[in-house]
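*Asks:* What shape does this take:
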Amino acid sequence: MSDCLFCKIINGDIPADTIYEDDEVLAFRDIAPQAPTHFLVIPKKHYNDLGEIDADDDRLIGKIVRTGAELAAKEGLDNGYRVIFNNGPDGCQIVFHVHMHILGGRKLRGPLG
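*Replies:* Got it, this is the predicted structure:
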């Protein structure tokens with residue numbers, strides 16, 4: 001999508017602090033980190049929200065989760081980390097391109113919500 005912030009990052013129109021990239025997935029550091037380590041893992045294919053994902057996308061979504069776990073290990077998040085998919089306006093999704101947050105590097109505060 002031409003007006004999607006993350007699609008512009010994928011296309012190289014907007015710079016990002018990229019920590020991983022392949023043909024299907026991109027991972028980069030959040031520009032407004034909420035923890036000492038905070039990065040996003042996104043599919044290069046545009047999906048507005050999780051409701052657009054179907055069974056044909058199961059392998060890709062699994063790859064996003066696995067990539068996040070591998071990068072968390074490389075970042076030294078051995079004591080744990082939080083994984084978040086915000087979905088839709090009530091779920092506090094700000095950029096409408098499916099993305100997974102990984103936050104860690106300190107003990108995170110209590111439950112969400």
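
*Asks:* any low-confidence regions in this protein?
*Replies:* 1, 111-113 (pLDDT under 70).

*Asks:* Longest helix in it, by number of residues?
*Replies:* Counting residues, the longest helix in the chain under DSSP state H turns out to be helix 58-74.

*Asks:* what packs against the helix or strand just after that one?
*Replies:* Next along the chain after helix 58-74, taking DSSP states H and E as the criterion, comes strand 81-84. Contact here means 3 or more Cβ pairs under 8 Å, 6 or more residues apart in numbering; DSSP states H and E; on that basis strand 81-84 packs against helix 58-74, strand 100-104. For every residue, glycine as well, the C-beta is placed using N, CA and C.

*Asks:* Residue 47: what's it in contact with?
*Replies:* When contacts are counted by Cβ atoms under 8 Å, 6 or more residues apart in numbering, residue 47 touches 53, 57, 97, 98.

*Asks:* Using ChimeraX, make a named selection holding only the buried ones among those.
*Replies:* In ChimeraX, this line selects whichever of the contacts of residue 47 come out buried by 16 or more other Cβ atoms under 10 Å:
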select :57,97,98
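
*Asks:* which two from the contacts of residue 47 end up farthest apart in space?
*Replies:* 57 and 97 (13.8 Å; Cβ to Cβ).

*Asks:* circling back to that earlier point, next, the buried residues of the longest helix of the chain.
*Replies:* Buried residues in helix 58-74 (16+ other Cβ under 10 Å): 60, 61, 63, 64, 67, 68, 71, 72.

*Asks:* what does stretch 43-50 give?
*Replies:* Within stretch 43-50, the residues that count as buried by 16+ other Cβ under 10 Å are 43, 44, 47, 49.

*Asks:* Equivalent analysis for stretch 26-35, please.
*Replies:* Here stretch 26-35 shows 26, 27, 28, 30, 35 as buried, counting by 16+ other Cβ under 10 Å.

*Asks:* In strands, which of those residues fall?
*Replies:* Among these, the members falling in strands (DSSP state E) are 26, 27, 28.

*Asks:* Out of the buried residues of stretch 43-50, the closest to residue 103 would be?
*Replies:* Nearest member of these to residue 103, counting by Cβ to Cβ, is residue 43, at 19.4 Å.
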